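J.: what follows is a predicted structure for the sequence shown.
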Amino acid sequence: MSKPGSKHSSGRWCFFPAPSHSCSALANPSSLPLCTCLVLQHTILGYLCSSASLNALAHDPLSYLVGTQCDEAVRRTEAQAFSVQAGNQDWVSLIECVSSNGTTLPPYFIFKGKQIQQAWLDSITDGQAVLQVSDNGWTTYAIGPQWLEAFDLHTKTQTQGTHRLLILDGHESHVSSDFIQYCCDHSIVALCLPPHSTHLLQPLDVGVYGPLSKAYKKCVHHHSRYGAVNVNKIDFLRYYQEARSTAITTHNILSAWRGAGLIPFNPSVVISKLPLPKTPPYASFTNSNEVQVNIAVTPSTATESISLWMRS
């Protein structure tokens, strides 16, 4: 097991302001504003183009239940809506991070507990993986910066430019003062995605976690006896690592960045997945008879969309 590093250097930090979760326009993912996606993608592309060798990486946690009848992966935003059923069930969280060059960082496991058990460590095959514990099996204010140290340790020697772009969600552990300061001190540009947009813009959600969840479920049922699904923490580590080796591949990682329309940059990938508004935007002008005319306008490019948004 590896220990995170702690060397310091100069850097900067950028935050994309996320609208409130209570905002009615974002309560339904299908109503995600078109311009939000496009402006965000342009922001990401701007950072990528600002340095010819800026490394882009995506980070996202995934949660699992271990115990009886547990064979599903649950995204963190969904996990908090689940109630643990009767029986011995605990949450286990994973933090995965993939690079735009097709590589991945070692997994970061978070178990529910007070102390790390040696049997858990003995079950981890990746010597660079990290295992932490928390009261509920989810990431915390303390674990966020600790993961960032591990991220820095594994990526600073591979960075060809001066900065690393880290794409993540707006979880509270990502905007703590310690997390932000570490980014500033280590040349990490953290870009937080708006709520309800990760299914379109987060490469891990777009093209990695789907195959991973299927592979994990297949693994669990393959090893189950007489159809009973009973997974303890040691079983989980074995099944997850087996699934991870078949699902988090260079091919899937590159496809995920492409599927999010980020690398290569292709906003139409996201635009095509968004429903058309019930009331399309209008462009107004005055004709030769000095009569104001409104013409429905459907943007076809990112530039047109942003221009319409800025005039609204």
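T.: Cool, the structure landed.

J.: ok, the nearest residue to K112 once chain neighbours are set aside to P61 distance?
T.: Excluding the flanking residues, the one nearest K112 by CB to CB, 6 or more residues apart in numbering is G137, at 3.5 Å. All C-beta spots, glycine's among them, are computed from the backbone N, C-alpha and C. The spacing between G137 and P61, counted by CB to CB, to the nearest Å, is 11 Å.

J.: name the residues contacting each of the two.
T.: Residues touching both G137 and P61 by CB atoms under 8 Å, 6 or more residues apart in numbering: S93.

J.: higher neighbour count, these two?
T.: Using other CB atoms under 10 Å, the more surrounded residue of G137 and P61 is P61, with 24 against 21.

J.: run through the bridge partners of the more buried one.
T.: Following DSSP bridges, P61 is listed with bridge partners I95.

J.: begin at 59 from now on, thanks
T.: With 59 as the first residue, the last one maps to P119.

J.: my guess is it contacts V150. True?
T.: No. If you go by CB atoms under 8 Å, P119 and V150 don't touch, sitting 10.7 Å apart.

J.: quick revisit: measure the residue nearest to K170 to V188 for me?
T.: 15 Å.

J.: with S121 instead?
T.: For S121 relative to V188 (CB to CB), the value is 17 Å.

J.: try F294
T.: Going from F294 to V188 by CB to CB gives 16 Å.

J.: same deal with V327?
T.: From V327 over to V188 (counting by CB to CB), the distance is 33 Å.

J.: ok, H244 next?
T.: For H244, the distance to V188 equals 17 Å [CB to CB].

J.: picking up where we left off before, so V327 and V188 - more neighbours on which side?
T.: Using other CB under 10 Å, the more surrounded residue of V327 and V188 is V188, with 23 against 18.

J.: didn't the more buried one look like it was pressed against P164?
T.: Yes. Using CB under 8 Å, V188 is in contact with P164, at 7.0 Å.

J.: helix or strand for the closest residue to S181 other than its chain neighbours, which one?
T.: Among residues not flanking S181 along the chain, L295 sits closest, at 4.2 Å (CB to CB, 6+ apart). Assigning secondary structure by DSSP states H and E places L295 in helix 291-305.

J.: list of residues touching that helix?
T.: 122, 124, 148, 150, 152, 165, 167, 169, 177-178, 181-184, 266, 269-270, 272-274, 276-278, 281, 289.

J.: average pLDDT across that helix?
T.: Helix 291-305 carries an average pLDDT of 94.

J.: buried sites along it?
T.: K291, D293, F294, L295, R296, Y297, Y298, Q299, E300, A301, R302, A305 (16 or more other CB atoms under 10 Å).

J.: so how far is Q190 from the fifth one?
T.: With distances defined as CB to CB, the gap from R296 to Q190 amounts to 19 Å.

J.: so who does I174 touch?
T.: Here I174 is in contact with L189, Q190, V191 (CB under 8 Å, 6+ apart).

J.: can you rerun that using 7 Å?
T.: L189, V191 (CB atoms under 7 Å, 6 or more residues apart in numbering).

J.: where along the stretch 109-258 of the chain do the helices fall?
T.: 134-137, 176-180, 201-213, 235-243, 256-259 (DSSP state H, counting those that start in this stretch).

J.: TSV for the ones you listed, including mean pLDDT, distance to N113 and mean neighbour count?
T.: Shown next, in TSV, are the helices of the stretch 109-258 of the chain (pLDDT from 0 to 100; distance: least, CB to CB, whole Å; neighbours: other CB atoms under 10 Å):
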stretch	mean pLDDT	distance to N113	mean neighbour count
helix 134-137	46	24	16
helix 176-180	95	30	12
helix 201-213	92	7	21
helix 235-243	90	14	18
helix 256-259	84	18	21
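
J.: can you count the residues close to N347?
T.: 6.

J.: that one: what secondary structure?
T.: Classification of N347 using DSSP: H, G, I helix; E, B strand; the rest coil returns coil.

J.: which pLDDT value goes with it?
T.: Looking at N347, the pLDDT reads 78.

J.: neighbours of C277, how many?
T.: Per other CB under 10 Å, the neighbour tally for C277 reads 22.

J.: OK, contacts around it?
T.: Y297, E300, A301.

J.: and the first one, how far is that from V289?
T.: In this structure, Y297 lies at 7 Å from V289, with CB to CB as the measure.

J.: then the last one?
T.: Remark: distance between A301 and V289 (CB to CB) = 12 Å.
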